[in-house]
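>>> What shape does this take:
(chains A and B)
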Amino acid sequence: MAAPPPPRTEPFVLDVLGRSDYAIIGELIPPDSRVLDLGCGEGDLLAWLAANKGVQARGVEISGPKARKAIASGVSVFQGDLLDALAGYSDGAFNYVILSQTLQETREPLLVLREMLRCGSQGIVAFPNFGHWRVRLAHLFTGRAPRTKLFPYEWYDSPNIHFLTVTDFQMLAAQEGWTIERQIFIAGRRRVPLLPNLLAETAVFLIKRSEGCKG
Amino acid sequence: MIAEAHTVPFDSITLDSGVELAPVQVAWESYGSLDATASNAILILHAFSGDAHAAGVSPETGLPGWWDNMIGPGKAFDTNKYFVICSNVLGGCRGTTGPSSINPATGCPWAMSFPVITIGDMVRLQKKLMDHLGIARLLAVTGGSMGGMQALEWAVAWPDSVVAAIPIATTARHSAQQIAFDEVGRQAIMADPDWCGGNYYGKTPPARGLAVARMIGHITYMSDDSMREKFARRLRGKDQFGFDFEVDFEVESYLRYRGRQFVDRFDANSYLYITKAMDYFDLTASRSSLSAALEGVKVRFLVLSFTSDWLYPSYQAQEIVRALRGHNADVAYCELPSNYGHDAFLVDVAEQADLVRGFLDSTWKGRS
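Numbers count the residues shown, from 1 in each chain, chains lettered A, B, ... in the order given. Next comes the predicted model:
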């Protein structure tokens, strides 16, 4: 006898994909949306969204081995540079453009964010919070580039080239005239209700361009 | 897996040049079986010098097909699931009508009175074959090099008859460099006194010219890396130079062997006609741009290129992908790492097979 289908709930996404930010993104995206995932890795999230929410899934991934895994699992992924890929899409081509744990690794983060809000009606941005208290303490007490669970790399081999905090992102959104529709803060598997800039390990923002705002 | 060869005659075909070619026949093979709703058919499109024998063992020659590493039970084009078809192209010399076929009006081979054909004409004849086989919609069309051009042409000319296309190591239009190599090959053939204006049938064929053309072709199919790996500067059957113009190097021996071998299985006039068709190929012709050509095409795409392929460089594949992306088409693209140059799609297939298998699988599940 076939097992009953798993319930489509947040813990399920979390168990399958093992990432809290994916769980929240899975929850934010309504069924049958057009979704572009920037820096989609091996396409786990897109495959899950396609299978469970019937979304039209597209991905961009610069790493050849990861892009190949994604394509081999049936996800439509373009192997290449984010900005190069974004430039090819028409305005409003997607309902949602996802940038999950990728922003801090991009060479031109502001350009990427502007482009994602051009191609997508809404953007979902998830990033590790450099303002977390452990990062602050590591920096304060060791006097070195902070290494924590969230930022485990040595300064010379880190893929992260832009470090930002929850507050930094909120300020940028205000400056660029983006509306923050939702902001969700997590530490481990728990939501962080208070003092996100200090307590959140990961921040997930749902943003869109305000009506009549620039570029 | 034994490959069974078939031939189908048709009354005529109207060519892009406006000429009515009559009659015309197509040689084809198939592997696997067509399902009850004729929805599991995949059309394999061969490259310049290929033929309908794509997979399995030919009962006549005992040789495996040219893409036997990709097609068969449990392989990327899984014949346990899919009905896989391959036909020889129009203008070819392996069973489909071409310049070496008899012109019924004269009782002699067409030779250079054969009309100039295009990639579009090849595809039109394949469409006739699909209609004949009762296949209204192909699950996928795929091929490398010139096969990729046909796959693109299929998607643009018959978008409703194709669910997915997998163009590999190919281009939407031949570049000056590609045309240049083809022209050198053609000139080598036409400079051979045995070519006789194309009327060599029943006489000595232009074997030297055709062999030189093939030698040039083979150089363009390899890469600096693959040639260094395969031949380096190794001498052939000797320890020192011969100080003459016999074969010294392994690479010379290889090219001469390939050239000679080609003469036995390929018609020089077909070489002229098919390379001309490739050179004429331009998806953007008669449309304002590549983007315009691909507008409204609802075909799902997997586009592949190879890092060391300098004959069909990745930028040409990316140009196709960019145009598709502008229409938010369903397109996957990957540049596969390989040292084998343009030949990679034929010989370095492990990763290509994984991608094709996954792509077909999701196409099969999502077909409507």
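
>>> Can you tell me which residues in chain A are near chain B?
A:34, A:56, A:58, A:64, A:67-68, A:71-80, A:85, A:88-90, A:93-94 (Cβ under 8 Å from any Cβ of the partner chain). The way it works is simple: take the backbone N, C-alpha and C, and place the C-beta from them, glycine included.

>>> List buried residues within those.
Buried subset of these (neighbour count, 16 or more other Cβ atoms under 10 Å in any protein chain shown): A:34, A:56, A:58, A:64, A:67-68, A:71-80, A:85, A:88-89, A:93-94.

>>> List the contacts of the residue in chain A that chain B sits nearest to.
Residue nearest to chain B within chain A (Cβ to the nearest Cβ): residue A:74, separated by 2.9 Å. Residues counted as contacts of residue A:74 (Cβ atoms under 8 Å, 6 or more residues apart in numbering or on different chains) are A:47, B:358-359, B:361-362, B:365.

>>> Name the residues that touch stretch B:235-248?
Taking Cβ under 8 Å, 6+ apart as the rule, stretch B:235-248 contacts B:249-250, B:252-253, B:256.

>>> host element of residue B:355?
Using DSSP states H and E, residue B:355 sits within helix B:350-366.

>>> Buried residues of that helix, list them for me.
B:351-352, B:354-360, B:362-364.

>>> Which ones, among these, also lie beside chain A?
When contact is defined as Cβ under 8 Å from any Cβ, those meet chain A at B:351, B:354-355, B:357-359, B:362.

>>> want to throw these into JSON lines with pLDDT?
Below are those laid out as JSON lines (pLDDT from 0 to 100):
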{"residue": "B:351", "pLDDT": "96"}
{"residue": "B:354", "pLDDT": "97"}
{"residue": "B:355", "pLDDT": "98"}
{"residue": "B:357", "pLDDT": "98"}
{"residue": "B:358", "pLDDT": "97"}
{"residue": "B:359", "pLDDT": "97"}
{"residue": "B:362", "pLDDT": "94"}
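
>>> which of these lies closest to residue B:83?
residue B:357 (16.3 Å; Cβ to Cβ).

>>> which residues does residue A:84 contact?
Applying Cβ under 8 Å, 6+ apart, no residues contact residue A:84.

>>> got the contact list for stretch B:114-122?
Residues outside stretch B:114-122 that contact it (Cβ under 8 Å, 6+ apart): B:13, B:15-17, B:19, B:21, B:89-91, B:98-99, B:101, B:103, B:146, B:149-150, B:153, B:157, B:269, B:273, B:276-278, B:280-281.

>>> which residues does the residue nearest the centre of chain A contact?
For chain A, residue A:100 is the residue whose C-alpha lies nearest the centre (Cα atoms, centre = their mean; 1.5 Å). Residues counted as contacts of residue A:100 (Cβ under 8 Å, 6+ apart) are A:21-22, A:25, A:37, A:39, A:45, A:124-126.

>>> picking up where we left off before, please flag which of the residues of chain A next to chain B sit within strands.
A:34, A:56, A:58, A:76-79, A:94 (DSSP state E).

>>> now, the most widely separated pair of the residues you listed?
Within these (distances taken as Cβ to Cβ), the two that end up farthest apart are A:34 and A:79, at 20.4 Å.

>>> Of the contacts of residue A:100, which belong to helices?
Residues of the contacts of residue A:100 located in helices (DSSP state H): A:21-22, A:25, A:45.

>>> ok, residue 103 - how many residues close by?
No chain in the question, so chain A it is. Using other Cβ atoms under 10 Å in any protein chain shown, residue A:103 has 23 other residues around it.

>>> Not quite, go with chain B.
Residue B:103 - counted by other Cβ under 10 Å - has 16 other residues nearby.

>>> any idea how far residue B:320 is from residue B:308?
To residue B:308, residue B:320 is 19 Å away according to Cβ to Cβ, to the nearest Å.

>>> For these two, indicate the residue with more neighbours.
A side-by-side neighbour count of residue B:320 and residue B:308, using other Cβ under 10 Å, places residue B:320 first with 25 against 21.

>>> still on that earlier bit, export the ones in strands among the residues of chain A next to chain B as TSV, with columns for pLDDT.
Listed next are these as TSV, based on pLDDT from 0 to 100:
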residue	pLDDT
A:34	97
A:56	95
A:58	96
A:76	96
A:77	97
A:78	97
A:79	97
A:94	97
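
>>> Phi first, then psi, for residue B:26.
With angles defined as degrees, to the nearest 10, residue B:26 sits at phi -120, psi 130.

>>> so where is the chain shaky, pLDDT-wise?
Assuming you mean chain A. Chain A contains residues with pLDDT under 70 at A:1-18, A:212-215.

>>> You answered for a different chain; I wanted chain B.
Using pLDDT under 70, chain B drops low at B:368.

>>> Up against chain A, what does it have?
Proximity of chain B to chain A, by Cβ under 8 Å from any Cβ, involves residues B:300, B:302, B:318, B:321-322, B:325-328, B:330-337, B:351, B:354-355, B:357-359, B:361-362, B:365.

>>> Contacts only, for residue B:337.
A:64, B:306-307, B:351.

>>> do you know how far it is from residue B:24?
From residue B:337 to residue B:24 the distance is 41 Å (Cβ to Cβ).

>>> picking up where we left off before, please tabulate the contacts of residue A:100 in a markdown table and include neighbour count as additional columns.
Shown next, in a markdown table, are the contacts of residue A:100 (neighbours: other Cβ atoms under 10 Å in any protein chain shown):
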| residue | neighbour count |
| --- | --- |
| A:21 | 24 |
| A:22 | 23 |
| A:25 | 25 |
| A:37 | 29 |
| A:39 | 20 |
| A:45 | 27 |
| A:124 | 25 |
| A:125 | 28 |
| A:126 | 22 |
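
>>> nearest residue to residue A:101 other than its sequence neighbours?
residue A:126 (6.0 Å; Cβ to Cβ, 6 or more residues apart in numbering or on different chains).

>>> Relative to residue A:44, how far out is that neighbour?
Distance of residue A:126 to residue A:44, given as Cβ to Cβ: 14 Å.

>>> ok, now residue A:89?
For residue A:89 relative to residue A:44 (Cβ to Cβ), the value is 22 Å.
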